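Q: Need a 3D model of the sequence below.
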Amino acid sequence: MPHHSHLHILTGASRGLGLALARQLLRSGNTVICIARSANAELDAQARTAGATIEQWQHDLAQGERAAQRLATWLAAQDPANFASATLINNAGLIPRIAPLSGSDCADLARALRVGLEAPMQLTAAFLGATDAWTLPRKVLNVSSGLGRRAMASQAAYCAAKAGMDHFSRCVALDEARKPHGAKICALAPGVIDTGMQEQLRSAMPEAFPDHQNFTRLQTEGRLASPADAAARVLAWLERADFGAQPVADVRDA
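A: This next block holds a predicted model:
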């Protein structure tokens with residue numbers, strides 16, 4: 001009998017929430033494909049200790065098509081009998097320079113939208129297409145943000161990417177619901193987490209970023225979740241029996 005491994009494909013695994021998710025997914029028997037600009041030697045060492053399988057693919061997700069093609073090719077070569085489940089976690093995202101749209105750089109905007117929206121759509125298309133005939137449970141978890149659901153000054157690109165992620169998740173949920181073994185998908189806001197992204201928001205010039213004080217207060221009042229705690233809540237959501245029943249959700253609603 002082949003060993004039934006849980007397969008997880010994870011983007012942005014080199015730091016922040018992605019790194020915390022990767023650490024928690026590297027359990028005995030699991031297979032984790034990490035897609036990020038840089039590899040993390042610590043994750044390789046942890047996989048060996050835990051008896052997990054890891055592959056770290058170095059891709060810049062501003063060129064998401066390359067990563068998506070590699071994923072489709074890799075999945076086509078796998079025997080689904082080796083896996084108990086298959087999950088794609090689109091976690092990578094970036095905040096471009098914090099400024100009003102009128103003061104934004106066009107290349108910077110394009111990069112934020114490619115990493116935050118285009119690449120997740122391309123990877124989801126590749127993942128669902130390559131595994132369409134698989135009958136095992138398949139899930140797509142899109143790491144979204146409350147900012148996809150409420151507007152913020154000087155954050156148009158990030159907010160737009162997350163709003164797009166939410167809405168494409170709703171559309172894919174409709175696609176997959178029509179299939180006998182369709183995948184479950186959820187765009188999940190993970191709450192406010194103490195990562196580099198928060199540091200970036202706190203270090204913005206207050207005159208360019210009206211919400212600066214609110215983000216500073218989150219830290220001083222101790223209201224930021226640690227990456228490890230946030231990752232545990234995200235993975236608990238993934239394990240819910242009703243995962244995907246709401247294609248757009250927030251861990252704080254649990």
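
Q: Give the buried residues for stretch 234-246.
A: Val234, Leu235, Trp237, Leu238, Phe243, Gly244 (16 or more other Cβ atoms under 10 Å). In short, each C-beta sits where N, CA and C put it, glycine included.

Q: now stretch 155-172
A: 155-166, 168-169, 172.

Q: what about it, distance to the chain center?
A: 13 Å (Cα atoms, centre = their mean, to the nearest Å).

Q: Next one: the residue lying closest to Ser38 once chain neighbours are set aside from Gln198, what distance?
A: The shortest distance from Ser38 to any non-neighbouring residue, by Cβ to Cβ, 6 or more residues apart in numbering, is to Ser14 (5.0 Å). Between Ser14 and Gln198 the computed distance is 17 Å (Cβ to Cβ, to the nearest Å).

Q: just Asn30 next, same as before
A: From Asn30 to Gln198 the distance is 29 Å (Cβ to Cβ).

Q: neighbour count winner among these two?
A: Asn30 (21 against 18; other Cβ atoms under 10 Å).

Q: May I have the phi/psi pair for the more buried one?
A: Backbone geometry at Asn30, expressed as degrees, to the nearest 10, gives phi -70, psi 150.

Q: Which parts of the stretch 151-254 of the chain are helices?
A: 156-177, 196-202, 212-220, 227-239 (DSSP state H, counting those that start in this stretch).

Q: looking at those helices, which is closest to Gln46?
A: Closest to Gln46 of the helices of the stretch 151-254 of the chain is helix 227-239 (Cβ to Cβ; 13.5 Å).

Q: Which helix or strand contains the residue nearest to Ser38?
A: Using DSSP states H and E, Ser14 falls within no helix or strand.

Q: residues near it, how many?
A: Quick note: Ser14 (other Cβ under 10 Å) scores 20 neighbours.
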